[in-house]
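Colleague: Provided below are the primary sequence and the corresponding predicted coordinates.
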Amino acid sequence: MAKIRELFHKVGNWHNKISVGAGVAKAELKEKLKNASSSQEIEKSITRLSELEQHTIEASKALRQLKDAIYNIIDPDSESPRK
């Protein structure tokens, strides 16, 4: 079974990948928007990607708060209560 530290690290990595992926996709769409005839649909997609990017940032903040709270109670490597 994975240790608490490993699980937090894994979730943090996935949040980072989602955030970066949304940012890259948003940048690509903005570039395509310059030459597109249907800019309204692309603008909607950019807005959705911006929201997704922001949601992952907020999720990462909440994850850090949760991690700090748990690490104060449990040693993340041994999963034993802190003394």
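Modeller: Perfect, I can see it now.
Colleague: from here on, contacts and neighbour counts on C-alpha atoms
Modeller: OK.
Colleague: which parts of the helix or strand hosting Arg64 are buried?
Modeller: Arg64 belongs to helix 39-73 when assigned by DSSP states H and E. For helix 39-73, burial by neighbour count (16 or more other Cα atoms under 10 Å) applies to 42, 45-46, 49-50, 52-53, 56-57, 60, 63, 67, 71.
Colleague: can you check stretch 74-82 too?
Modeller: Using 16+ other Cα under 10 Å as the test for burial, stretch 74-82 gives 74-76.
Colleague: okay, the buried residues of helix 39-73 in a markdown table with pLDDT and distance to Gly21 next?
Modeller: Converted to a markdown table, the buried residues of helix 39-73 look like this (pLDDT from 0 to 100; distance: Cα to Cα, whole Å):
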| residue | pLDDT | distance to Gly21 |
| --- | --- | --- |
| Ile42 | 75 | 17 |
| Ser45 | 79 | 14 |
| Ile46 | 80 | 12 |
| Leu49 | 83 | 9 |
| Ser50 | 85 | 11 |
| Leu52 | 86 | 10 |
| Glu53 | 82 | 8 |
| Thr56 | 84 | 11 |
| Ile57 | 85 | 12 |
| Ser60 | 85 | 15 |
| Leu63 | 86 | 19 |
| Lys67 | 86 | 24 |
| Tyr71 | 86 | 29 |
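Colleague: give the contact list for Gly21.
Modeller: Residues near Gly21 by Cα atoms under 8 Å, 6 or more residues apart in numbering: none.
Colleague: how about the residue nearest the centre of the chain, what does it touch?
Modeller: Note on the chain: the residue nearest the mean C-alpha position is His15, at 2.6 Å, using Cα atoms, centre = their mean. Listed by Cα under 8 Å, 6+ apart, the contact set of His15 reads 56-57, 59-60.
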